[in-house]
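Novice: need coordinates for the following:
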Amino acid sequence: MEQPILSNDQYKDLSKKIIFAVEKQCRIIPINSLRHHKYYFKNPVYITLEFAENEVLASLDDIEAFSHADTEFEAIDQLREEIIQIYEDLTSDRNNLGPLPQKWLQYLEGLIECR
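Specialist: Okay, the predicted model is just below:
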């Protein structure tokens, strides 16, 4: 019969430590606004924040949009700008998009509304 490497209590303690370590490096948060005069989100959008030594990476993985900055606020603000830029680029050339950019546009049209 095999002996477990960890007891149930040790396993629970290790699991809590791993979750705590991951939460310090990565968070998923909602953003409610694009802070733009022309566009707004229909509903909150969940983005990922990853924390490195001196940098914060913000991303919306569904459309492969990323930004990085010194602070969380700056990274989120730059990601908003990146989302708007991608949306405008895709809508301006919608007839010449490949399969992946078409999916991104479809996704963004479900999220973004014009004022």
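
Novice: low-confidence ranges, the protein, go.
Specialist: Residue ranges of the chain with pLDDT under 70: 1, 22-23.

Novice: could you pull out the helices in it for me?
Specialist: For the chain, the helices defined by DSSP state H occupy 8-25, 72-92, 99-111.

Novice: comparing these, which comes out most buried?
Specialist: helix 72-92 (a mean of 17; mean count of other C-beta atoms under 10 Å). All C-beta atoms are positioned from the backbone trio N, CA, C, and that covers glycine.

Novice: mind checking how far it is from the chain centre?
Specialist: On the basis of C-alpha atoms, centre = their mean, to the nearest Å, helix 72-92 is displaced by 12 Å from the centre of the chain it belongs to.

Novice: the inter-axis angle of it versus helix 99-111?
Specialist: 110 degrees (axes from the mean of the first three to the mean of the last three C-alpha atoms, to 10 degrees).
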